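In: Predicted model and sequence follow; I will ask about them next.
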Amino acid sequence: MYFYGTTGVNKNGHLEIGGVDAVELATKFGTPLYVYDVALIRERARAFKQAFIEQNIKFQVAYASKAFSTVAMVQLAEEEELSLDVVSGGELYTAIAAGFPPEKIHFHGNNKSREELEMALDSRIGCIVVDNFYEIGLLKEICHEKNVNVNILLRITPGIEAHTHDYILTGQEDSKFGFDLQNGQAEQALAEVLTFHQFNVLGLHCHIGSQIFETTGFLLAAQKIVEKMADWNHKFSFEAQVLNLGGGFGIRYTKEDEPIQPSQYVSEIIKEVKKLTEQYQLSMPEIWIEPGRSMVGDAGITLYHTGSSKDVPGVRKYLAVDGGMSDNIRPSLYQAKYEAVYANRPLAQSEETVSIAGKCCESGDMLIWDLPLPQSAEEDILAVFCTGAYGYSMANNYNRIPRPAVVFVENGQATLVVKRETYEDLVKLDLPLK
Ligand code: LLP
(Lines give C-alpha, C1' and ligand atoms only; values in the text may rest on other atoms or scores of the structure.)
Protein backbone atom coordinates (compact mmCIF):
# COMPACT_ATOMS: atom_id res chain seq x y z
CA MET A 1 0.00 0.00 0.00
CA TYR A 2 1.28 3.43 -0.90
CA PHE A 3 0.51 6.14 1.65
CA TYR A 4 0.43 9.81 0.74
CA GLY A 5 1.87 12.77 2.66
CA THR A 6 1.61 12.21 6.39
CA THR A 7 -0.72 9.22 6.10
CA GLY A 8 0.57 6.04 7.68
CA VAL A 9 -0.42 3.37 10.17
CA ASN A 10 -0.40 4.05 13.90
CA LYS A 11 0.14 1.72 16.85
CA ASN A 12 -3.53 0.73 16.89
CA GLY A 13 -3.12 -0.51 13.34
CA HIS A 14 -5.37 2.32 12.12
CA LEU A 15 -4.84 4.74 9.30
CA GLU A 16 -3.30 7.93 10.58
CA ILE A 17 -3.16 11.32 8.90
CA GLY A 18 -1.45 14.44 10.21
CA GLY A 19 -0.70 12.45 13.36
CA VAL A 20 -4.42 11.85 13.98
CA ASP A 21 -6.19 8.48 13.99
CA ALA A 22 -8.62 8.36 11.05
CA VAL A 23 -11.02 6.09 12.95
CA GLU A 24 -11.17 8.63 15.77
CA LEU A 25 -11.82 11.38 13.23
CA ALA A 26 -14.72 9.41 11.77
CA THR A 27 -16.13 8.80 15.24
CA LYS A 28 -15.72 12.36 16.42
CA PHE A 29 -16.83 14.27 13.32
CA GLY A 30 -19.05 11.66 11.62
CA THR A 31 -18.92 10.48 8.03
CA PRO A 32 -18.64 11.19 5.18
CA LEU A 33 -15.77 13.42 6.19
CA TYR A 34 -13.19 15.27 4.13
CA VAL A 35 -9.83 15.30 5.90
CA TYR A 36 -6.91 17.45 4.74
CA ASP A 37 -3.26 16.89 5.55
CA VAL A 38 -2.17 20.50 6.06
CA ALA A 39 1.55 19.64 6.12
CA LEU A 40 1.27 18.18 2.64
CA ILE A 41 -0.48 21.29 1.28
CA ARG A 42 2.32 23.41 2.76
CA GLU A 43 4.90 21.08 1.23
CA ARG A 44 3.33 21.38 -2.24
CA ALA A 45 3.08 25.18 -1.99
CA ARG A 46 6.71 25.46 -0.92
CA ALA A 47 7.91 23.08 -3.63
CA PHE A 48 6.33 25.19 -6.38
CA LYS A 49 7.72 28.41 -4.92
CA GLN A 50 11.15 26.97 -4.25
CA ALA A 51 11.50 25.87 -7.85
CA PHE A 52 11.10 29.51 -8.92
CA ILE A 53 13.34 30.88 -6.20
CA GLU A 54 16.14 28.55 -7.29
CA GLN A 55 15.95 29.93 -10.82
CA ASN A 56 16.01 33.46 -9.51
CA ILE A 57 13.17 34.83 -11.57
CA LYS A 58 10.10 36.85 -10.67
CA PHE A 59 7.02 34.74 -10.19
CA GLN A 60 3.64 34.27 -8.61
CA VAL A 61 2.21 30.92 -7.62
CA ALA A 62 -1.54 31.45 -7.49
CA TYR A 63 -3.55 28.69 -5.86
CA ALA A 64 -6.51 27.92 -8.14
CA SER A 65 -9.16 28.02 -5.46
CA LYS A 66 -11.76 26.27 -7.65
CA ALA A 67 -10.06 23.03 -6.57
CA PHE A 68 -11.09 23.61 -2.95
CA SER A 69 -12.32 26.96 -1.74
CA THR A 70 -13.12 27.61 1.89
CA VAL A 71 -12.15 30.36 4.31
CA ALA A 72 -9.58 28.17 6.09
CA MET A 73 -8.04 26.98 2.83
CA VAL A 74 -7.70 30.54 1.57
CA GLN A 75 -6.08 31.50 4.88
CA LEU A 76 -3.66 28.61 4.52
CA ALA A 77 -2.80 29.84 1.02
CA GLU A 78 -2.08 33.23 2.54
CA GLU A 79 0.10 31.72 5.26
CA GLU A 80 2.10 30.06 2.51
CA GLU A 81 2.35 33.41 0.71
CA LEU A 82 0.59 32.23 -2.40
CA SER A 83 -1.50 34.35 -4.72
CA LEU A 84 -5.07 33.28 -5.38
CA ASP A 85 -7.03 32.54 -8.52
CA VAL A 86 -10.81 32.95 -8.30
CA VAL A 87 -13.40 32.34 -11.01
CA SER A 88 -16.62 33.64 -9.56
CA GLY A 89 -18.14 36.15 -7.20
CA GLY A 90 -18.50 33.32 -4.69
CA GLU A 91 -14.82 32.40 -4.75
CA LEU A 92 -13.91 36.08 -4.61
CA TYR A 93 -16.27 36.61 -1.68
CA THR A 94 -14.70 33.64 0.13
CA ALA A 95 -11.23 35.11 -0.41
CA ILE A 96 -12.27 38.53 0.85
CA ALA A 97 -14.13 37.00 3.81
CA ALA A 98 -10.95 35.08 4.66
CA GLY A 99 -9.03 38.36 4.72
CA PHE A 100 -6.85 37.41 1.75
CA PRO A 101 -4.78 40.35 0.44
CA PRO A 102 -6.85 41.56 -2.55
CA GLU A 103 -3.81 42.67 -4.52
CA LYS A 104 -2.79 39.01 -4.78
CA ILE A 105 -6.12 37.86 -6.23
CA HIS A 106 -6.52 37.11 -9.95
CA PHE A 107 -10.02 36.88 -11.38
CA HIS A 108 -10.79 34.46 -14.23
CA GLY A 109 -13.94 33.36 -15.95
CA ASN A 110 -15.56 33.37 -19.37
CA ASN A 111 -18.72 35.16 -18.30
CA LYS A 112 -18.02 37.48 -15.42
CA SER A 113 -21.09 39.53 -14.66
CA ARG A 114 -21.17 43.28 -14.18
CA GLU A 115 -21.81 42.67 -10.48
CA GLU A 116 -18.80 40.36 -10.20
CA LEU A 117 -16.51 42.78 -12.04
CA GLU A 118 -17.72 45.66 -9.89
CA MET A 119 -17.05 43.60 -6.78
CA ALA A 120 -13.53 42.83 -8.07
CA LEU A 121 -12.79 46.51 -8.78
CA ASP A 122 -14.30 47.67 -5.50
CA SER A 123 -12.12 45.12 -3.70
CA ARG A 124 -9.05 46.40 -5.57
CA ILE A 125 -7.97 42.95 -6.63
CA GLY A 126 -4.60 42.35 -8.30
CA CYS A 127 -5.71 41.64 -11.82
CA ILE A 128 -8.52 40.55 -14.06
CA VAL A 129 -7.87 37.86 -16.62
CA VAL A 130 -9.93 39.20 -19.49
CA ASP A 131 -11.49 36.41 -21.52
CA ASN A 132 -13.54 37.85 -24.40
CA PHE A 133 -14.62 40.97 -26.29
CA TYR A 134 -17.87 41.30 -24.35
CA GLU A 135 -15.85 41.49 -21.14
CA ILE A 136 -13.49 44.10 -22.56
CA GLY A 137 -16.50 46.31 -23.30
CA LEU A 138 -18.09 45.74 -19.92
CA LEU A 139 -14.87 46.33 -18.02
CA LYS A 140 -14.17 49.54 -19.94
CA GLU A 141 -17.63 50.80 -19.00
CA ILE A 142 -17.16 49.95 -15.32
CA CYS A 143 -13.65 51.44 -15.14
CA HIS A 144 -15.01 54.59 -16.73
CA GLU A 145 -18.01 54.83 -14.38
CA LYS A 146 -15.91 54.20 -11.30
CA ASN A 147 -12.97 56.19 -12.59
CA VAL A 148 -10.51 53.45 -11.65
CA ASN A 149 -7.67 51.73 -13.45
CA VAL A 150 -7.22 47.99 -13.48
CA ASN A 151 -4.44 45.50 -14.18
CA ILE A 152 -5.37 42.95 -16.78
CA LEU A 153 -4.02 39.83 -18.42
CA LEU A 154 -5.41 38.64 -21.74
CA ARG A 155 -6.42 35.01 -21.81
CA ILE A 156 -5.07 33.45 -24.97
CA THR A 157 -6.02 30.08 -26.48
CA PRO A 158 -2.78 28.97 -28.08
CA GLY A 159 -4.27 25.98 -29.91
CA ILE A 160 -2.92 23.36 -27.57
CA GLU A 161 -5.05 21.16 -25.42
CA ALA A 162 -3.34 18.84 -23.00
CA HIS A 163 -4.67 16.04 -20.85
CA THR A 164 -2.50 13.55 -18.99
CA HIS A 165 -0.12 12.15 -21.64
CA ASP A 166 -2.05 13.48 -24.62
CA TYR A 167 -1.81 16.90 -26.05
CA ILE A 168 -3.65 18.03 -29.10
CA LEU A 169 -2.43 20.71 -31.43
CA THR A 170 -5.32 22.32 -33.21
CA GLY A 171 -5.14 25.06 -35.82
CA GLN A 172 -7.90 27.01 -34.24
CA GLU A 173 -8.96 25.88 -30.84
CA ASP A 174 -12.60 25.13 -30.28
CA SER A 175 -12.87 26.45 -26.74
CA LYS A 176 -15.24 28.66 -24.84
CA PHE A 177 -12.28 30.33 -23.15
CA GLY A 178 -10.01 33.11 -24.28
CA PHE A 179 -8.89 34.84 -27.44
CA ASP A 180 -7.67 32.61 -30.23
CA LEU A 181 -4.09 33.08 -31.27
CA GLN A 182 -4.39 31.63 -34.78
CA ASN A 183 -7.42 33.47 -36.09
CA GLY A 184 -6.22 36.92 -35.10
CA GLN A 185 -8.70 37.51 -32.27
CA ALA A 186 -5.92 37.66 -29.69
CA GLU A 187 -4.17 40.38 -31.64
CA GLN A 188 -7.39 42.28 -32.16
CA ALA A 189 -8.10 42.09 -28.42
CA LEU A 190 -4.61 43.30 -27.56
CA ALA A 191 -4.92 46.24 -29.94
CA GLU A 192 -8.18 47.17 -28.25
CA VAL A 193 -7.04 46.89 -24.64
CA LEU A 194 -3.78 48.76 -25.29
CA THR A 195 -5.66 51.83 -26.44
CA PHE A 196 -7.82 52.11 -23.32
CA HIS A 197 -5.92 54.20 -20.82
CA GLN A 198 -7.60 52.75 -17.74
CA PHE A 199 -6.25 49.28 -18.50
CA ASN A 200 -2.76 48.40 -17.40
CA VAL A 201 -2.02 45.41 -19.62
CA LEU A 202 0.34 43.29 -17.53
CA GLY A 203 0.62 40.43 -19.96
CA LEU A 204 -0.82 37.19 -21.23
CA HIS A 205 -2.41 34.10 -19.79
CA CYS A 206 -3.14 30.61 -21.02
CA HIS A 207 -4.31 27.36 -19.46
CA ILE A 208 -3.99 24.26 -21.59
CA GLY A 209 -5.76 21.60 -19.53
CA SER A 210 -5.77 19.61 -16.34
CA GLN A 211 -4.14 16.51 -14.84
CA ILE A 212 -1.17 16.84 -17.23
CA PHE A 213 1.80 14.53 -16.64
CA GLU A 214 4.35 16.01 -19.02
CA THR A 215 5.83 19.38 -19.78
CA THR A 216 5.50 19.12 -23.58
CA GLY A 217 2.15 20.92 -23.72
CA PHE A 218 3.36 23.80 -21.52
CA LEU A 219 6.50 24.21 -23.60
CA LEU A 220 4.54 24.23 -26.85
CA ALA A 221 2.16 26.84 -25.44
CA ALA A 222 5.11 28.96 -24.30
CA GLN A 223 6.66 28.72 -27.78
CA LYS A 224 3.49 29.84 -29.52
CA ILE A 225 2.90 32.72 -27.14
CA VAL A 226 6.46 34.03 -26.95
CA GLU A 227 6.68 33.95 -30.74
CA LYS A 228 3.56 36.13 -30.83
CA MET A 229 4.95 38.36 -28.09
CA ALA A 230 7.86 39.16 -30.40
CA ASP A 231 5.43 40.03 -33.14
CA TRP A 232 3.38 42.27 -30.85
CA ASN A 233 6.52 43.90 -29.56
CA HIS A 234 7.23 45.11 -33.11
CA LYS A 235 3.63 45.97 -33.95
CA PHE A 236 2.51 47.63 -30.73
CA SER A 237 5.73 48.13 -28.75
CA PHE A 238 4.02 45.90 -26.25
CA GLU A 239 6.22 43.97 -23.89
CA ALA A 240 4.46 41.50 -21.60
CA GLN A 241 5.62 41.85 -18.00
CA VAL A 242 3.76 38.70 -17.06
CA LEU A 243 3.32 35.33 -18.71
CA ASN A 244 0.80 33.18 -16.85
CA LEU A 245 0.86 29.57 -17.98
CA GLY A 246 -2.07 28.41 -15.89
CA GLY A 247 -2.41 25.23 -13.88
CA GLY A 248 -3.01 21.61 -14.78
CA PHE A 249 -0.08 19.83 -13.14
CA GLY A 250 -1.03 16.19 -12.67
CA ILE A 251 -1.17 14.17 -9.47
CA ARG A 252 -1.06 10.49 -8.58
CA TYR A 253 -4.57 9.17 -7.95
CA THR A 254 -3.64 5.51 -8.46
CA LYS A 255 -0.56 3.38 -9.07
CA GLU A 256 -1.00 3.88 -12.81
CA ASP A 257 -0.45 7.64 -12.55
CA GLU A 258 3.13 8.85 -12.79
CA PRO A 259 3.24 12.62 -12.59
CA ILE A 260 6.50 14.54 -12.49
CA GLN A 261 7.52 16.73 -9.56
CA PRO A 262 6.35 20.38 -9.29
CA SER A 263 9.99 21.47 -9.51
CA GLN A 264 10.39 19.73 -12.84
CA TYR A 265 7.36 21.42 -14.42
CA VAL A 266 8.55 24.77 -13.19
CA SER A 267 12.21 24.45 -14.12
CA GLU A 268 11.47 23.20 -17.64
CA ILE A 269 8.94 25.96 -18.24
CA ILE A 270 11.39 28.61 -17.03
CA LYS A 271 14.21 27.20 -19.15
CA GLU A 272 12.03 27.29 -22.24
CA VAL A 273 10.74 30.82 -21.67
CA LYS A 274 14.30 32.05 -20.99
CA LYS A 275 15.53 30.44 -24.19
CA LEU A 276 12.67 31.84 -26.26
CA THR A 277 12.85 35.36 -24.90
CA GLU A 278 16.60 35.45 -25.56
CA GLN A 279 16.00 34.13 -29.04
CA TYR A 280 13.43 36.87 -29.76
CA GLN A 281 15.33 39.52 -27.81
CA LEU A 282 12.56 40.14 -25.34
CA SER A 283 12.97 40.73 -21.65
CA MET A 284 12.14 37.80 -19.40
CA PRO A 285 8.58 38.20 -18.09
CA GLU A 286 7.45 37.23 -14.62
CA ILE A 287 6.15 33.67 -14.76
CA TRP A 288 2.87 33.01 -13.01
CA ILE A 289 1.29 29.61 -12.54
CA GLU A 290 -2.05 28.49 -11.11
CA PRO A 291 -1.91 25.01 -9.57
CA GLY A 292 -5.17 23.78 -8.08
CA ARG A 293 -5.26 19.99 -8.07
CA SER A 294 -1.53 19.61 -7.43
CA MET A 295 -1.76 21.86 -4.38
CA VAL A 296 -4.55 20.04 -2.54
CA GLY A 297 -5.47 16.84 -4.42
CA ASP A 298 -3.40 14.24 -2.67
CA ALA A 299 -3.64 16.08 0.66
CA GLY A 300 -7.32 15.16 0.98
CA ILE A 301 -8.94 11.87 1.92
CA THR A 302 -12.60 11.08 2.41
CA LEU A 303 -13.78 8.82 5.21
CA TYR A 304 -17.02 6.87 4.88
CA HIS A 305 -18.82 4.26 6.93
CA THR A 306 -19.67 1.21 4.89
CA GLY A 307 -23.25 -0.03 4.97
CA SER A 308 -25.24 -2.39 2.81
CA SER A 309 -23.72 -4.80 0.35
CA LYS A 310 -25.13 -6.79 -2.52
CA ASP A 311 -23.67 -9.88 -4.13
CA VAL A 312 -24.51 -10.48 -7.75
CA PRO A 313 -23.28 -14.08 -8.03
CA GLY A 314 -20.69 -14.52 -10.71
CA VAL A 315 -20.74 -10.80 -11.48
CA ARG A 316 -19.64 -8.61 -8.59
CA LYS A 317 -20.14 -7.53 -5.01
CA TYR A 318 -21.38 -4.02 -4.41
CA LEU A 319 -20.50 -2.41 -1.10
CA ALA A 320 -22.26 0.85 -0.33
CA VAL A 321 -20.91 3.79 1.65
CA ASP A 322 -22.73 6.68 3.33
CA GLY A 323 -21.77 9.20 0.64
CA GLY A 324 -21.10 9.00 -3.07
CA MET A 325 -21.58 11.28 -6.05
CA SER A 326 -22.89 13.98 -3.72
CA ASP A 327 -19.42 14.38 -2.15
CA ASN A 328 -17.31 13.10 -5.07
CA ILE A 329 -18.86 13.39 -8.49
CA ARG A 330 -15.57 12.81 -10.33
CA PRO A 331 -15.94 9.04 -10.85
CA SER A 332 -19.44 9.49 -12.33
CA LEU A 333 -18.53 12.55 -14.35
CA TYR A 334 -15.05 11.69 -15.62
CA GLN A 335 -14.64 7.97 -14.83
CA ALA A 336 -11.98 9.15 -12.37
CA LYS A 337 -10.15 6.37 -10.52
CA TYR A 338 -9.30 6.26 -6.82
CA GLU A 339 -7.65 3.93 -4.34
CA ALA A 340 -8.99 3.16 -0.87
CA VAL A 341 -8.35 1.13 2.27
CA TYR A 342 -10.26 0.36 5.42
CA ALA A 343 -9.05 2.98 7.88
CA ASN A 344 -9.63 0.56 10.75
CA ARG A 345 -7.20 -2.04 9.23
CA PRO A 346 -5.30 -0.55 6.33
CA LEU A 347 -2.66 -3.25 6.26
CA ALA A 348 -5.02 -6.26 6.29
CA GLN A 349 -4.65 -8.63 3.33
CA SER A 350 -7.09 -8.24 0.46
CA GLU A 351 -9.52 -11.14 0.33
CA GLU A 352 -12.24 -9.98 -1.99
CA THR A 353 -12.89 -7.59 -4.82
CA VAL A 354 -15.72 -5.17 -4.24
CA SER A 355 -17.18 -2.23 -6.09
CA ILE A 356 -17.85 0.79 -3.92
CA ALA A 357 -21.29 2.25 -4.49
CA GLY A 358 -22.62 5.57 -3.29
CA LYS A 359 -26.03 6.00 -1.68
CA CYS A 360 -27.58 8.24 -4.33
CA CYS A 361 -30.54 7.19 -6.38
CA GLU A 362 -28.59 6.77 -9.57
CA SER A 363 -26.96 3.61 -11.01
CA GLY A 364 -23.98 5.68 -12.09
CA ASP A 365 -23.27 6.62 -8.49
CA MET A 366 -20.20 4.41 -8.12
CA LEU A 367 -17.01 5.58 -6.42
CA ILE A 368 -14.58 2.75 -7.20
CA TRP A 369 -14.96 -0.32 -9.39
CA ASP A 370 -13.23 -3.61 -8.54
CA LEU A 371 -11.30 -2.64 -5.47
CA PRO A 372 -9.35 -5.36 -3.66
CA LEU A 373 -10.17 -5.22 0.07
CA PRO A 374 -10.16 -7.47 3.15
CA GLN A 375 -13.47 -9.23 3.89
CA SER A 376 -15.93 -6.46 4.72
CA ALA A 377 -17.28 -6.21 8.25
CA GLU A 378 -19.76 -4.02 10.08
CA GLU A 379 -18.41 -0.66 11.23
CA ASP A 380 -15.70 -0.56 8.60
CA ILE A 381 -14.47 2.88 7.71
CA LEU A 382 -13.39 3.31 4.14
CA ALA A 383 -10.72 5.92 3.42
CA VAL A 384 -10.61 7.05 -0.20
CA PHE A 385 -7.32 8.74 -1.07
CA CYS A 386 -6.61 11.84 -3.13
CA THR A 387 -10.03 13.45 -2.90
CA GLY A 388 -8.71 16.89 -1.98
CA ALA A 389 -9.26 18.57 -5.34
CA TYR A 390 -12.69 19.05 -6.91
CA GLY A 391 -14.37 16.85 -4.30
CA TYR A 392 -15.76 19.33 -1.79
CA SER A 393 -15.77 22.08 -4.43
CA MET A 394 -18.07 20.01 -6.68
CA ALA A 395 -20.14 18.55 -3.85
CA ASN A 396 -23.88 18.85 -4.28
CA ASN A 397 -27.14 18.11 -2.55
CA TYR A 398 -28.52 15.48 -4.90
CA ASN A 399 -31.19 13.51 -3.04
CA ARG A 400 -30.98 16.25 -0.42
CA ILE A 401 -27.92 14.68 1.10
CA PRO A 402 -26.20 17.23 3.34
CA ARG A 403 -22.64 18.05 2.35
CA PRO A 404 -19.96 16.59 4.63
CA ALA A 405 -17.81 18.44 7.12
CA VAL A 406 -14.17 19.29 6.41
CA VAL A 407 -11.40 18.78 8.94
CA PHE A 408 -7.80 19.97 8.74
CA VAL A 409 -5.20 17.84 10.51
CA GLU A 410 -1.66 18.86 11.35
CA ASN A 411 0.81 17.85 14.07
CA GLY A 412 -1.65 15.59 15.83
CA GLN A 413 -4.40 18.24 15.95
CA ALA A 414 -7.72 18.10 14.12
CA THR A 415 -9.59 21.33 13.39
CA LEU A 416 -13.08 21.51 11.98
CA VAL A 417 -12.95 24.04 9.12
CA VAL A 418 -16.34 23.45 7.48
CA LYS A 419 -19.32 22.29 9.50
CA ARG A 420 -21.44 19.41 8.27
CA GLU A 421 -24.59 20.63 6.57
CA THR A 422 -27.76 19.91 8.50
CA TYR A 423 -31.27 19.10 7.31
CA GLU A 424 -32.23 22.59 8.49
CA ASP A 425 -29.56 24.01 6.19
CA LEU A 426 -31.11 22.10 3.32
CA VAL A 427 -34.48 23.84 3.68
CA LYS A 428 -33.08 27.16 4.87
CA LEU A 429 -33.67 28.93 1.57
CA ASP A 430 -36.94 27.19 0.76
CA LEU A 431 -40.15 29.17 1.04
CA PRO A 432 -43.59 27.65 1.66
CA LEU A 433 -46.17 27.41 -1.11
CA LYS A 434 -48.41 29.98 0.60
N1 LLP B 1 -6.25 27.97 -14.14
C2 LLP B 1 -7.30 27.90 -14.97
C3 LLP B 1 -7.58 29.02 -15.87
C4 LLP B 1 -8.16 26.79 -14.95
O5 LLP B 1 -9.19 26.75 -15.76
C6 LLP B 1 -7.88 25.73 -14.04
C7 LLP B 1 -8.77 24.57 -13.97
C8 LLP B 1 -6.77 25.84 -13.20
C9 LLP B 1 -5.97 26.97 -13.29
C10 LLP B 1 -6.40 24.78 -12.20
O11 LLP B 1 -6.16 23.56 -12.81
P12 LLP B 1 -5.58 22.35 -11.95
O13 LLP B 1 -4.18 22.72 -11.54
O14 LLP B 1 -6.46 22.14 -10.80
O15 LLP B 1 -5.62 21.20 -12.91
N16 LLP B 1 -13.35 19.58 -12.28
C17 LLP B 1 -12.24 18.99 -13.01
C18 LLP B 1 -11.11 19.93 -13.21
C19 LLP B 1 -11.51 21.20 -13.93
C20 LLP B 1 -10.35 22.14 -14.07
C21 LLP B 1 -10.83 23.47 -14.56
N22 LLP B 1 -9.82 24.45 -14.65
C23 LLP B 1 -11.79 17.74 -12.26
O24 LLP B 1 -12.37 17.42 -11.22
O25 LLP B 1 -10.88 17.05 -12.71
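Out: Perfect, I can see it now.

In: give the contact list for the nearest residue to R114 once chain neighbours are set aside.
Out: Once flanking residues are discounted, R114 sits nearest to L138: 6.1 Å by CB to CB, 6 or more residues apart in numbering. Glycine gets a C-beta too; all of them are placed from N, C-alpha and C. Counting by CB atoms under 8 Å, 6 or more residues apart in numbering, L138 touches K112, R114, L117.

In: Drop anything exposed from the residues you listed.
Out: When those are checked for burial by 16 or more other CB atoms under 10 Å, the buried set is K112, L117.

In: wait, which of the contacts of L138 is closest to the ligand?
Out: Compare each of those with the ligand using CB to the nearest ligand atom and the shortest gap goes to K112, at 12.9 Å.

In: What average pLDDT does the helix or strand that contains I53 get?
Out: I53 is part of helix 38-55, with elements assigned from DSSP states H and E. In this model, helix 38-55 has a mean pLDDT of 97.

In: And for stretch 193-200?
Out: pLDDT averaged over stretch 193-200 gives 98.

In: hang on, F218 packs against G247?
Out: No - look at F218 against G247 with CB atoms under 8 Å: they stay out of range, at 10.4 Å.

In: rewinding a little: let me have the contacts of L138 in JSON lines, adding distance to the ligand as columns.
Out: Shown next, in JSON lines, are the contacts of L138 (distance: CB to the nearest ligand atom, whole Å):
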{"residue": "K112", "distance to the ligand": "13"}
{"residue": "R114", "distance to the ligand": "21"}
{"residue": "L117", "distance to the ligand": "17"}
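
In: I'd like the contacts of L138 as JSON lines, with pLDDT and secondary structure appended.
Out: Shown next, in JSON lines, are the contacts of L138 (pLDDT from 0 to 100; DSSP: H, G, I helix; E, B strand; the rest coil):
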{"residue": "K112", "pLDDT": "98", "secondary structure": "coil"}
{"residue": "R114", "pLDDT": "98", "secondary structure": "helix"}
{"residue": "L117", "pLDDT": "98", "secondary structure": "helix"}
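
In: Now do M73 against the ligand, distance only.
Out: Distance from M73 to the ligand, counting by CB to the nearest ligand atom, to the nearest Å: 13 Å.

In: Check A186 too.
Out: Distance from A186 to the ligand, by CB to the nearest ligand atom: 16 Å.

In: Assign a three-state SS to that residue, would you?
Out: The three-state assignment at A186 reads helix, by DSSP: H, G, I helix; E, B strand; the rest coil.

In: now swap in N12 and tell me
Out: coil.

In: what sits against it?
Out: Contacts of N12 by CB under 8 Å, 6+ apart are D21, V23.

In: How about the residues of this structure by the ligand?
Out: By CB under 6 Å from any ligand atom, the part of the chain that sits against the ligand consists of 64, 66-67, 85, 108, 207, 210, 246-249, 290-294, 330, 334, 389-390.

In: What's the PyMOL line that selects buried ones from the residues you listed?
Out: With 16+ other CB under 10 Å as the criterion, this PyMOL line picks the buried residues out of those:
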select buried, resi 64+66+67+85+108+207+210+246+247+248+249+290+291+292+293+294+330+389+390
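
In: So which of the residues of the chain next to the ligand sit within strands?
Out: Mapping the residues of the chain next to the ligand onto strands (DSSP state E) picks out A64, D85, S210.

In: residues touching K49, list them.
Out: By CB under 8 Å, 6+ apart, the neighbours of K49 are F59, V61, E80, E81, L82.

In: Looking at those, point me to the pair that's furthest apart.
Out: Greatest spatial distance among these (CB to CB): F59 and E80, at 13.9 Å.

In: mind checking pLDDT for the one residue in the stretch 51-200 of the chain that gets nearest to the ligand?
Out: Residue nearest to the ligand within the stretch 51-200 of the chain: A64 (3.6 Å; CB to the nearest ligand atom). pLDDT recorded at A64 is 98.

In: Could you check how far the closest residue to it other than its chain neighbours is from L84?
Out: Nearest non-adjacent residue to A64, counting by CB to CB, 6+ apart: G292, 3.1 Å away. In this structure, G292 and L84 are 11 Å apart, going by CB to CB, to the nearest Å.

In: One more: I287?
Out: I287 is 17 Å from L84, by CB to CB.

In: where's the residue nearest to R114, which helix or strand?
Out: helix 133-146.

In: The residue nearest to A64 contacts A67, correct?
Out: Yes - counting by CB under 8 Å, G292 touches A67, with 3.3 Å between them.

In: who touches both of the two?
Out: With CB under 8 Å, 6+ apart as the test, G292 and A67 both reach A389, Y390.

In: can you pull the contacts of the residue nearest to A64?
Out: Counting by CB under 8 Å, 6+ apart, G292 has contacts Y63, A64, S65, K66, A67, F68, D85, G247, A389, Y390.

In: I'd assumed M394 was in contact with the fourth one.
Out: No - the criterion here is CB under 8 Å, and K66 misses it with M394 at 9.2 Å.

In: circling back: which neighbours do G292 and L84 have in common?
Out: By CB under 8 Å, 6+ apart, the residues touching both G292 and L84 are Y63, S65.

In: so when I look at E227, I'm seeing a strand, right?
Out: No - read with three-state DSSP, E227 is helix and lies in no strand.

In: can you count the residues close to it?
Out: 14 (other CB atoms under 10 Å).

In: got it, and the one 10 residues further on?
Out: With neighbours defined by other CB under 10 Å, the count for S237 comes to 8.

In: Just the pLDDT at it, thanks.
Out: 97.

In: If you count neighbours, what's buried in the strand ranked longest in the chain?
Out: In the chain, taking DSSP E as the definition, the longest strand is strand 300-312. Of the residues in strand 300-312, G300, I301, T302, L303, Y304, H305, T306 count as buried by neighbour count, 16+ other CB under 10 Å.

In: Assign the closest residue in space to E256 that isn't next to it in sequence to helix, strand or coil.
Out: Spatial nearest neighbour of E256, chain neighbours left out: K337 (7.5 Å); criterion: CB to CB, 6+ apart. Three-state assignment for K337 (three-state DSSP): coil.

In: which intervals of the chain have sub-threshold pLDDT?
Out: Along the chain, the model assigns pLDDT under 70 to residues 1-2, 167-173.
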